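Here is a sequence with its predicted model. Questions after.
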Amino acid sequence: MSTAVKDKEDCIKVRQFLTDTKGHKMAAVIDMEEFKRLETVLALIPSSEQWLYKNKKALASVRRGLKQAAKGRVSKLNMSEL
């Protein structure tokens with residue numbers, strides 16, 4: 001199932017980001033109401049796909065592949081060559 005943000009109101013509202021000494025975002029501060037909305041959104045992710053969101057390297061690879069496919073950079077896989 002694919003998910004898309006349709007309106008700005010659909011986004012989780014972050015009150016503040018906590019950063020490390022280099023300015024990298026490490027955590028976000030949100031209201032309890034936003035946390036409940038976030039739990040609802042996360043519950044929509046099928047358990048068979050949750051591993052992907054926990055594996056940053058695999059998720060980045062999938063996102064790169066989707067961008068390449070959107071640009072038409074795809075090739076046909078020949079199963080006999082594997």
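Thanks, I have the structure now.

Of all the residues in stretch 27-36, which ones are buried?
Buried residues in stretch 27-36, defined by neighbour count with 16 or more other CB atoms under 10 Å: 30, 34. C-beta here means a position set from N, CA and C on the backbone, and glycine is covered the same way.

List of residues touching that stretch?
Outside stretch 27-36, the residues that touch it by CB atoms under 8 Å, 6 or more residues apart in numbering are 12-18, 38.

ok, so of these, who is nearest residue 71?
residue 12 (29.0 Å; CB to CB).

Let's verify that closest one: helix, strand, or coil?
Classification of residue 12 using DSSP: H, G, I helix; E, B strand; the rest coil returns coil.

For it, give me its contacts.
Contacts of residue 12 by CB under 8 Å, 6+ apart are 30, 34, 37-38, 41.

please redo it, this time with the cut-off set to 6 Å
Listed by CB atoms under 6 Å, 6 or more residues apart in numbering, the contact partners of residue 12 are 34, 38.

pLDDT at it, what is it?
At residue 12, the pLDDT value in this model is 76.

any idea how far it is from residue 79?
41 Å (CB to CB, to the nearest Å).

Ok, residue 30 next?
For residue 30, the distance to residue 79 - CB to CB - is 46 Å.

got any ranges where this protein has weak pLDDT?
For the chain, applying pLDDT under 70 flags the ranges 1-9.

Return the longest helix anywhere in the chain as PDB; C-alpha atoms alone will do.
Counting residues, the longest helix found in the chain (DSSP state H) is helix 56-70. Extracted C-alpha coordinates of helix 56-70, given in PDB (Å, rounded to 0.1, in the frame of the first residue of the first chain):
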ATOM      1  CA  LYS A  56      18.100   2.600   6.500                       C
ATOM      2  CA  LYS A  57      20.500   1.200   3.900                       C
ATOM      3  CA  ALA A  58      17.800  -1.000   2.300                       C
ATOM      4  CA  LEU A  59      15.300   1.900   2.400                       C
ATOM      5  CA  ALA A  60      17.700   4.300   0.700                       C
ATOM      6  CA  SER A  61      18.300   1.600  -2.000                       C
ATOM      7  CA  VAL A  62      14.600   1.200  -2.600                       C
ATOM      8  CA  ARG A  63      14.100   5.000  -2.800                       C
ATOM      9  CA  ARG A  64      17.000   5.300  -5.300                       C
ATOM     10  CA  GLY A  65      15.400   2.500  -7.400                       C
ATOM     11  CA  LEU A  66      12.000   4.200  -7.300                       C
ATOM     12  CA  LYS A  67      13.600   7.500  -8.500                       C
ATOM     13  CA  GLN A  68      15.400   5.700 -11.300                       C
ATOM     14  CA  ALA A  69      12.200   3.900 -12.400                       C
ATOM     15  CA  ALA A  70      10.300   7.200 -12.300                       C
END
